[in-house]
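1. need a 3D model of the following:
(2 chains)
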Amino acid sequence: MKPDQHFKYTSLSLIFTWFFLFALLPFCLIVTASFLSQSESHLINTPLTFDNYKALNHFIYLRIFEKSFVIAGITTLCCLLLGYPFAYIIARHQGRFKNLLLLLIIIPFWTSSLIRSYALIAMIKAKGILNSVLILLGIIHQPLPILFTNTAVMIGLVYNLLPFMILPIMTNVERLDNRLIDAAHDLGANKITTFRKIIIPLTAPGMIAGSILVFLPAMTLFYIPDILGGAKSILLGNLIQNQFLIAENWPMGAAVSTVLTIILALFIGIYALATRGGKRRVWL
Amino acid sequence: MLDKTVGDDELANDVVELRGVFKSIHDHEILHDIHLKVNEGEFLTLLGPSGCGKTTLLRLISGFDEPTQGQIFIDQQCVNGLSPHQRHVHTVFQSYALFPHMSVFENVAFGLRCQKVVNAEIHSRVTDILKMVKLEKYIDRKPNQLSGGQQQRVAIARAAVNRPRVLLLDEPLSSLDYRLRKTMQIELKQLQRRLGITFIFVTHDQEEALSMSDRVVVMEEGYIEQIGTPRQVYEEPQSLNVAKFIGEANIFDGEVLEISNEKQVVIHILGKKRTTKTSRFCVAGEKISVLVRPEDVRVWNQHEVDDTKEMFAGTVEEVIYKGTTVDLIVRLSNNTLISSTEFFDEDDDRLEYKIGEQVWVNWAPGWEVILPHET
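-> Numbers count the residues shown, from 1 in each chain, chains lettered A, B, ... in the order given. Here you go, the predicted model:
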């Protein structure tokens, strides 16, 4: 065996062991747990049952699923609309500020997102910075009640997840061949047509990759709705957390997790199918 | 330096005209005082080594760059300040720049769609042009499912379908292998005749330039050295740069001894006096460079010749067999090297020289070209 092949097999088997121990095995445990019954003394117990899944078919849970999807969807859309121009400008920026701009995106990540979410409270609370500035400028006269609403949750999610949208799009735009844009202009396309027909389709893989990277955590980040949404904002992430830690109903929590994983896997599967023909490489 | 073929007395049938065009980038001058008229329907080649400004010149015409100074006219309309999509010229890029997410049909239809041409017409025009470039079978393929030569033809079809006044081609053959390049040279020339569109073709390959063009513009370091037909630039180069760049060349220093009449001069070269013709204005005593093409140099065996008065003695230094020709490098008695290309023919099938063999070298009187002296 050649040395480089040796390295290849060692590193690959390390990665697979890692995935097996810390991703596949826990997932199997969760799936198993979701078919067991709740037990006061042992957390989970036999007999095997479908009751947990049957219980999920209740309007309260369905509402939470629906609300989580809507909020994650809007968050993804906001990230896309905000992140695309951002990513595009940084990627096309030729000067020496490019690395600085990149650093500015990454620096906030050096602080725990929990702390940053608490900091957001100070920004958006009734007498917070945002309201004070808006009142000072005479735009509003009453403080906006943002904190502890869905809007606050989405602000928090967008703020925390925006880089996950920016980075894949940026990589994609950087790879974009400038000569294709030149060719489009040369063939008589103005800037809008070029953007619509050339740049958007060619950066679609980046947008989709970014959307997946934003949408998945947006469904499950439980502490952001906890901190910014107040008690009334329960999303899937909180539901799972509550079932495990507060209600101590592990099988139920496991069932919610399993359903969520299946739905998200379906999303990725559809995306993979849709892009398989075009030989597009995805940044993931 | 302007060639006589681009005189002011010509009819105004030029599609592109450049007047006193300069281009500098970051204080570095890339193009210097370019004057050029491109005739309707001709195949014009911009020829020069890389970095001579030929691609920049193309980008000025297409509108991707603006000249620092000077004016560009397309159809007698000044196009300075117009962006590429407003100019009726199209470019075939070196990398082809085909849109990877579109089929061959959609690639070719792109320009027509931008002009809001109706669907039925788009369909017929795209199908017609694809037939012309023999790609009608590949209409639904994506660019990455095509070979290099096919991609090249899609790129040409995509530009030509819009019936531009001028088609600009930026080294479109350089990424193809030798054999395919030869085929595409012929196809491109035929296509240009069929389409009747003016082609401005950029290349650094002199053979390509000579075999395809109606006229060649030889460029060097931002200057136009010479504009002329392939025959003119090869047989009557106006400067040492042109002579060196186009074809193989033996170049010797010389001196004008006397001017016998209008066209005849006596020159001193390689220690001998020779009488030759030139259309160049010479002064007696002037230093000159003398160009002799290797295919004009004849090498004689010792016992083949009697009269060696007009000949130069030398020793064979290298023999390179090339199939149809034998190339010889001969060291003359004054240590100068001269190269000669000998063709096989029925009268002279010998062409067997040994390294170190003593030979006589000469060329037909009047076949040398007198050029201004440069060091």
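2. quick one: least confident helix or strand in chain B?
-> Among the helices and strands of chain B, strand B:264-269 carries the lowest confidence by mean pLDDT, DSSP states H and E, at a mean of 79.
3. wait, residue B:46 sits on residue B:59?
-> No. The pair residue B:46 / residue B:59 is not scored as a contact, 11.6 Å apart, by C-beta atoms under 8 Å. Any C-beta I mention is one placed from the backbone N, CA and C, and that applies to glycine too.
4. show me what counts as buried in the least confident helix or strand of chain B.
-> Buried residues in strand B:264-269, defined by neighbour count with 16 or more other C-beta atoms under 10 Å in any protein chain shown: B:265, B:267, B:268, B:269.
5. just give me the neighbour total for the nearest residue to the last one once chain neighbours are set aside.
-> Spelled out, that is residue B:269. Leaving aside its sequence neighbours, residue B:269 sits nearest to residue B:254 (C-beta to C-beta, 6 or more residues apart in numbering or on different chains; 4.0 Å). Residue B:254: 21 surrounding residues under other C-beta atoms under 10 Å in any protein chain shown.
6. OK, contacts around residue B:254?
-> Listed by C-beta atoms under 8 Å, 6 or more residues apart in numbering or on different chains, the contact set of residue B:254 reads B:267, B:268, B:269, B:287, B:288, B:289, B:290, B:370.
7. what helix or strand is it on?
-> strand B:250-259 (DSSP states H and E).
8. what's the angle from that strand to strand B:264-269?
-> 130 degrees (axes from the mean of the first three to the mean of the last three C-alpha atoms, to 10 degrees).
9. and the longest helix seen in chain A, how far out from the chain's middle?
-> Longest helix of chain A, by residue count under DSSP state H: helix A:59-92. How far helix A:59-92 lies from its chain's middle: 8 Å, per C-alpha atoms, centre = their mean, to the nearest Å.
10. okay, buried residues for that helix please.
-> For helix A:59-92, by 16+ other C-beta under 10 Å, it's A:61, A:64-65, A:67-69, A:71-72, A:74-76, A:78-80, A:83-84, A:86-88, A:90-91.
11. same thing with stretch A:188-200?
-> In stretch A:188-200, the ones that count as buried by 16+ other C-beta under 10 Å are A:188, A:189, A:193, A:194, A:197, A:198, A:199.
12. same question, stretch A:45-53
-> Quick answer for stretch A:45-53 (16+ other C-beta under 10 Å): A:51, A:52, A:53.
13. is chain B contacted by stretch A:170-184?
-> Yes. In terms of C-beta under 8 Å from any C-beta of the partner chain, part of stretch A:170-184 sits within range of chain B, namely A:177, A:179, A:180, A:182, A:183, A:184.
14. can you give me the pLDDT of residue A:202?
-> At residue A:202, the predicted lDDT confidence score is 92.
15. just checking, it touches residue A:195?
-> No. Using C-beta under 8 Å, residue A:202 is not in contact with residue A:195; the gap is 10.5 Å.
16. ok, back up a step: between which two of the contacts of residue B:254 is the distance greatest?
-> The largest distance within the contacts of residue B:254, taken as C-beta to C-beta, falls between B:268 and B:289 and amounts to 12.9 Å.
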